[in-house]
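Asker: Model the structure of this input:
(one chain, ligands or ions: 1)
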Amino acid sequence: MGISEVREYDCWLQGRGQNQFSDALKNCLSRIVVKEDCLVVKQAALELQRGLKRMFGVDAAITDTIQKPCTVVGTATAVSELTGKTVSCDRAEGFCIEIGDELSVVAGADCNGTLYGAFRLLMELAKGAGTGFSLEDAPRSGIRMINHWDNLDGTIERGYAGPSLFYKDDKIDYDPQRIEDYARLLASIGINCLSINNVNVRKTAKLLITEQFLPDVAKLADIFRPFGIRLMLSINFGAPYSFGDLDTADPLDPRVGEWWAKRADLVYKYIPDLAGFLVKADSEGEAGPFQYGRDHADGANMLAKALKPHNGTVIWRCFVYNCTQDWRDQTQDRACAAYDHFMPLDGRFDDNVILQIKHGPYDFQVREPVTPLFGALKKTRHLIEFQITQEYTGHQIDVCFLPYMWQDVYHFDTKHGENSTIGGMMGNRISGAVAVGSVGRDENWTGNTLSQANWFGFGRLAWNPDLTAEEIADEWVKLTFGLDPEVDAAVNKILMMSYPTYENYNAPFGVCFMVTRSLHYGPDIEGYEYSRWGTYHRANWEAVGVDRTPSGTNYTGQYAPENAAMFADLATCPENLMLFFHRVPYSYVMKNGKNLLQNIYDTHFKGVEQVEEIIRTWEGIQDKIGSAVYASVRERMGRQLTNAIEWRDVVNTYFHRHTGIPDEQGRKIYD
Ligand code: GCW
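Answerer: I've put the predicted structure just below:
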């Protein structure tokens, strides 16, 4: 059989592996029985039919008449009635699937669960499941969302995969088939909510909540609805005056509350099931309640009251800090901002307000500690925010498998009460997971085809935070590249070594910002060192890192006592975060017996060697994966190697110039 090309557009819904079903199983799958009026359940049947054809070449008919052999699709109640067999799966949005020659079943706890069951059946078949297979599963959290940072002009803030899927030339302009395919891929990994415009709501984007755009937003919502996906709109807190007829946006001014209440009535007339508004306020220059001496709760609650009659939710982002910091003042610390702003407000928010908190206190750096708000907030619903788009992790040029780091976030123990890891709190103390999306109009959605694994991985972890990076990589590789053991081993190796590789040549030991300003690709060691953004490493001739212990900014004090002590003590602070928490002399001897300076040199030399190994590994499977995907990824790996070499040489030269100390192995460091 010839090498079938990896169809990059289909992502993980390829079915390249298991396409030799037994005749009995093929007959059973070829008759799909569904008898329910729910839009999403009907879509589940259609997706099963589409997937069987596109992934496995099996033609299936859809009927409402039960006749074995057949595959019954529906909510558990309906399936039990149709089959006379009691099927029970009662966890929200959960499913149970069974594969049999006479009778296969896709049963959902509800409509969404049925859809997720249909996609899971297709994926399990693609991984080789056959007769006798059964699985019951349900998402840990109720909110599994992606944020688009798409602008109305078609650009995407921090986007690296082509123009926006939704907008062009200040209009909503899209290919309906592409949007349906996008909804399909999102639902197949359990995403149930999508905000469709940039949180920096500027220029025309402010008008998305007006009749100029609402009819088209409604049409978009119609495409996502059968896939169980509700939309959110990012709004500009200053809208009442920036395009409205008021002269204020003061949340305590009754006129403002009325203005938003009317606005909400209009929006929900067009999109009755809109999930709500996403808000970035008083952050990086965006309008907000601070302008009027009000706090975040005043601002969020005013909006929440406007949405309440429509069952809408306000998601209020906590990415706020005083972005006019003075690098001379070492008492200021941007890392403290989220906790300082929001802990005092715990319990002040209405029940339809949910805070959205970045997983780290800074800004999606290669490695950050987990934000101390998690576990500390007791009376406020909140989400954890990740970034799939690779703003600081290689712009989807460099391969960098993010679940490798995300699993460390989910495993972090906040030491607040019982079951206090982030993963353990998902679905109870943490209401869900959200991420900044990474897709654009590129044929492969994500620029680098291997970056699809990050999009896939976010969805899988939002569904089940106990999954390991290895499990996610292995599943994505099988679903995308098929079941050839040599190909699987090679791509798994590349994914699993890619994060340590990137961290080695980019920003090891939690040093954070050394990227070029505003672009955030490539090195500029002091690019942010004197900026107003509070993003410093303070390297000099003897030491590097920021003292965030009680003798410094006391950021460590925001953690639960056990973690505060652990981070504050250089001996117990994890070495991969030590420059985030401590100012460390270059002479400091690390656990591997070498001093910090030599470890800086070693990590950067090693990072380049690891990229070369990644390239060799990819080249080794060239004749097994089809020329298109091979070439597109190999081209990016070439650029990644250039980037890694630049990081190695710029960083090593910087620290060599600052210290005058050469590499112990005498390797080349340029002066
Ligand atoms: O990560 C930073 C980005 C900004 C982004 C901001 C945020 C949307 O550099 O581009 O703005 O954070 O999260 O609001």
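
Asker: Against the ligand, how distant is the closest residue in space to Arg667 that isn't next to it in sequence?
Answerer: Residue nearest to Arg667 in three dimensions, not counting chain neighbours: Phe605, with 5.9 Å by C-beta to C-beta, 6 or more residues apart in numbering. To be clear about C-beta, it is placed using only N, CA and C from the backbone, and glycine gets the same treatment. Distance, Phe605 to the ligand, by C-beta to the nearest ligand atom, to the nearest Å: 29 Å.

Asker: what's near enough to touch Phe605?
Answerer: Going by C-beta atoms under 8 Å, 6 or more residues apart in numbering, Phe605 touches 648, 652, 663, 667.

Asker: now the residue of the stretch 401-550 of the chain found nearest the ligand, what's its secondary structure?
Answerer: Residue nearest to the ligand within the stretch 401-550 of the chain: His520 (6.8 Å; C-beta to the nearest ligand atom). On the three-state scheme (DSSP: H, G, I helix; E, B strand; the rest coil), His520 is labelled coil.

Asker: Tell me who's in contact with it.
Answerer: 158, 391-392, 395.

Asker: Just the pLDDT at it, thanks.
Answerer: Looking at His520, its pLDDT reads 98.

Asker: Centre-most residue in this structure?
Answerer: Ala435 (3.2 Å; C-alpha atoms, centre = their mean).

Asker: Is that one located within a strand, as I assumed?
Answerer: Yes. Assessed by three-state DSSP, Ala435 belongs to a strand.

Asker: wait, it sits on Ile388?
Answerer: Yes. Ala435 is within contact range of Ile388, at 4.7 Å (criterion: C-beta atoms under 8 Å).

Asker: Now do the shared contacts for these two.
Answerer: Taking C-beta under 8 Å, 6+ apart as the contact rule, the neighbours common to Ala435 and Ile388 are 146, 458.

Asker: Next up, the contacts around Phe243.
Answerer: Phe243 neighbours (C-beta under 8 Å, 6+ apart): 206-207, 210.

Asker: got those as CSV, with pLDDT, neighbour count and distance to the ligand columns?
Answerer: Converted to CSV, these look like this (pLDDT from 0 to 100; neighbours: other C-beta atoms under 10 Å; distance: C-beta to the nearest ligand atom, whole Å):
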residue, pLDDT, neighbour count, distance to the ligand
Lys206, 96, 20, 15
Leu207, 97, 18, 19
Thr210, 98, 14, 22
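
Asker: could you redo these as JSON lines and give each row secondary structure?
Answerer: JSON lines is the format used below for these (three-state DSSP):
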{"residue": "Lys206", "secondary structure": "helix"}
{"residue": "Leu207", "secondary structure": "helix"}
{"residue": "Thr210", "secondary structure": "coil"}
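
Asker: Okay, and Thr653 sits in which element?
Answerer: helix 627-659 (DSSP states H and E).

Asker: what does the average pLDDT come to for that helix?
Answerer: Over the span of helix 627-659, the pLDDT mean works out to 97.

Asker: Stretch 382-399 now?
Answerer: Stretch 382-399 shows a mean pLDDT of 98 in the predicted model.

Asker: what about it, how long is it end to end?
Answerer: From its first residue to its last, stretch 382-399 covers 31 Å (C-alpha to C-alpha, to the nearest Å).

Asker: same check, this time on stretch 325-332
Answerer: 7 Å.

Asker: Just the buried residues of that stretch, please?
Answerer: Within stretch 325-332, the residues that count as buried by 16 or more other C-beta atoms under 10 Å are 325, 327, 332.

Asker: where's that stretch relative to the chain centroid, distance-wise?
Answerer: Relative to its parent chain, stretch 325-332 has a centroid offset of 31 Å by C-alpha atoms, centre = their mean, to the nearest Å.

Asker: please renumber so the chain begins at 48
Answerer: Done: numbering now begins at 48, and the last item shifts to stretch 372-379.

Asker: mean confidence for that stretch?
Answerer: 95.

Asker: again, but for stretch 496-503
Answerer: For stretch 496-503, the mean pLDDT works out to 98.

Asker: With stretch 593-600 instead?
Answerer: 98.

Asker: cool, stretch 114-128 as well?
Answerer: Mean predicted confidence for stretch 114-128 is 97.

Asker: so what's Met637 up against?
Answerer: Counting by C-beta under 8 Å, 6+ apart, Met637 touches 622, 643, 646.
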